[in-house]
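In: Sharing a sequence plus its predicted fold:
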Amino acid sequence: METNKISYNFFVRIWLLTMIILVFLMIMIGGLTRLTDSGLSITEWELFEGILPPLTKDKWIIYFNLYKEIPQFKLVNSLMTLEEFKVIFYWEYFHRLFGRIIGLVYLIPLVIFTFAGIFNKKSLTIFYFIFFLILLQGIIGWYMVESGLTTNTSVSHYRLSLHLLIAFIIISFLIWNYLNYRNNEKKIFFSNKPKLLKILFLLILFQIVIGAFVSGLDAGLIYQTWPKMNLSYFPDDIKLLESSLINLFNNQSFVQFLHRTTAYLIILLSLLIGIKLFLEKNKKYLNNYLAVFFVLAIQVFLGIFTLISGLNLYLASLHQITSVILVFTILNLNHKLS
C-alpha cells in the first residue's frame, strides 16, 4: 500500500509539473496574441466547432467577413488582406486550442486520481477548485474578447487584467501543490508567515494587473524614457485632484507612472527581505532569496529596455515570461520558510 502511494505521488508530481509548463506556455502565447493584436480575429465563441481551423477557402472567407464587421477592422485594419488575416487568426486559434488542451490534461488525470482514492477530502477540494478556475478562465477569456467586438478597437484593459490575474493565480496554486508533493509536505498555501514575502507576492500580483493595464491601454507608447517620464518623474499631463479614481485608471500616463512606482516598491521590499534573512542568519535560504532578487533584477531591466526600445515585441514577451519565473522563485522561497 505504501509503495502504491509513493508511485501515485510520483505521477501527481509529473501531472502538476506538466500543468505548470502548459500554463507557463499559455501565458506566453496569450501575451504574444495580445502584443500582435490578434485577440479579436475570431469573433465567435466556438467551444467545439472551433477545434479545427478553416480548411477551405470558403471557410476562411466566412471568418474574414466576420472580422470585417468589428471596429478593429473598420478603424485600424481596413486594408488587411486575407493572407494577413490568417496570421492573426492563427495566433488566436492556437491560444484557444492550447486552452482546450490544458483543460483536458488537467481534468483526465484528476478524474483518474479521484477514482483511485489517492487524494484526501482537503486535497480534492483544492484540485477541483483549480479546475473551476481553469473553466472560469475560459469564460473570462470570451468575456474579454466580447468587449472589443462592438464599439472598441481593442479589449477592455479591466477584463484583460482579470484574465491575466486568474492565470497567475492558477499557476501559483499549481506551483505550491507541486512543491508540496515534491518535498512530501502539506504546507498551507499562503500561510501567515513570513509576512513580508506574503506582501511581496501580493505586490507582484498587483504589478501584474497594472502591467495588463499598461498593455491594454497601450500606455507603453508614451513616455518612452527612463528614469524620468520625459522631463519629470511625474507625468505633467495628470491633474490628480481633478481626476476620479476611475479616470486615473483609464489614463495612460497615470497607469505607466503607477507601474514604474510599484516596481520601485517591489525592489525596496525585496531588499528588506534580504536584509532580514541576513540578520536572522537564515543563510541556508540565501541562495533561494538571491534567485528571487536575480530574476527581479532581470525583470526590471527588461521592463526598462522594453519601454525605451519602443515596445520591441521580443523584449515585451520576455518581460511577461519573466514575471512567471519571478512568481515561481517567490513561492519557492515562501514554501521553504513556511
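Out: Arrived safely, thanks for sending.
In: domains in this protein, as residue ranges please.
Out: For the chain, automatic domain parsing gives the domain ranges 1-181, 190-338.
In: Tell me where the stretch 1-150 of the chain has helices.
Out: For the stretch 1-150 of the chain, helices defined by DSSP state H, counting those that start in this stretch occupy the ranges 2-35, 57-68, 71-75, 82-116, 121-146.
In: Skip the chain neighbours and tell me the closest residue to I304.
Out: In this structure, I304 finds its nearest non-sequential neighbour in W226, 5.0 Å apart by Cβ to Cβ, 6 or more residues apart in numbering. The C-beta positions use only the backbone N, C-alpha and C, and glycine is treated the same way.
In: ditto for N177
Out: In space, N177 comes closest to L16 once its chain neighbours are excluded; the distance is 5.8 Å by Cβ to Cβ, 6+ apart.
In: Over to V12?
Out: Y181 (5.3 Å).
In: for the one you found, what are its contacts?
Out: Residues near Y181 by Cβ atoms under 8 Å, 6 or more residues apart in numbering: 9, 12-13, 16.
In: If you count neighbours, what's buried in stretch 180-195?
Out: Along stretch 180-195, these residues count as buried under the neighbour rule (16 or more other Cβ atoms under 10 Å): 180-181, 189, 194.
In: no no, stretch 102-120
Out: The neighbour-count check on stretch 102-120 (16+ other Cβ under 10 Å) flags 102, 106, 109-110, 113, 118-119 as buried.
In: try stretch 24-42
Out: Within stretch 24-42, judged by 16+ other Cβ under 10 Å, the buried ones are 24, 26-35, 37-42.
In: Give me the pLDDT value at the residue most central in space within the chain.
Out: Residue closest to the mean C-alpha point of the chain, counted by Cα atoms, centre = their mean, is L164 at 4.1 Å. As predicted, L164 sits at a pLDDT of 95.
In: would you say it is within a strand?
Out: No - under DSSP: H, G, I helix; E, B strand; the rest coil, L164 falls outside any strand and is assigned helix.
In: which regions of the protein lie under the pLDDT threshold?
Out: Under the criterion pLDDT under 70, the flagged ranges of the chain are 1-7, 191-193, 239-243, 282.
In: Now for F168: which residues touch it?
Out: By Cβ under 8 Å, 6+ apart, the residues touching F168 are 27, 205, 208, 323-324, 327.
In: any chance of these in TSV, plus distance to K68 and secondary structure?
Out: Shown next, in TSV, are those (distance: Cβ to Cβ, whole Å; DSSP: H, G, I helix; E, B strand; the rest coil):
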residue	distance to K68	secondary structure
I27	30	helix
L205	38	helix
I208	34	helix
S323	35	helix
V324	35	helix
V327	39	helix
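In: May I ask which of these has the most neighbours?
Out: Taking other Cβ atoms under 10 Å as the neighbour criterion, S323 ranks highest of the contacts of F168 with 24 neighbours.
In: rewinding a little: the residue nearest to the centre of the chain and I210 touch, don't they?
Out: No - with contacts counted by Cβ atoms under 8 Å, L164 stays clear of I210, the gap being 10.7 Å.
In: In the stretch 201-338 of the chain, what residue spans correspond to strands?
Out: In the stretch 201-338 of the chain, no strands are found when defined by DSSP state E, counting those that start in this stretch.
In: Do a quick rundown of the helices in it.
Out: Ranges of helices within the stretch 201-338 of the chain are 245-249, 252-279, 286-308, 313-337, based on DSSP H, counting those that start in this stretch.
In: circling back to that earlier point, what's the closest of the buried residues of stretch 102-120 to F254?
Out: Lowest distance from F254 to the buried residues of stretch 102-120 (Cβ to Cβ) belongs to I102, with 34.5 Å.
In: Wait, that closest one touches M26, no?
Out: Yes - using Cβ under 8 Å, I102 makes contact with M26 at a distance of 6.1 Å.
In: if we can go back for a sec, and for the residue nearest to the centre of the chain, nearest residue in space, chain neighbours not counted?
Out: Distances taken as Cβ to Cβ, 6+ apart place A212 nearest to L164, at 4.7 Å, with adjacent residues excluded.
In: Next up, the contacts around that neighbour.
Out: 157, 160-161, 163-165.
In: Could you dump those into CSV with distance to L258 added?
Out: Shown next, in CSV, are these (distance: Cβ to Cβ, whole Å):
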residue, distance to L258
H157, 13
L160, 16
S161, 12
H163, 19
L164, 16
L165, 16
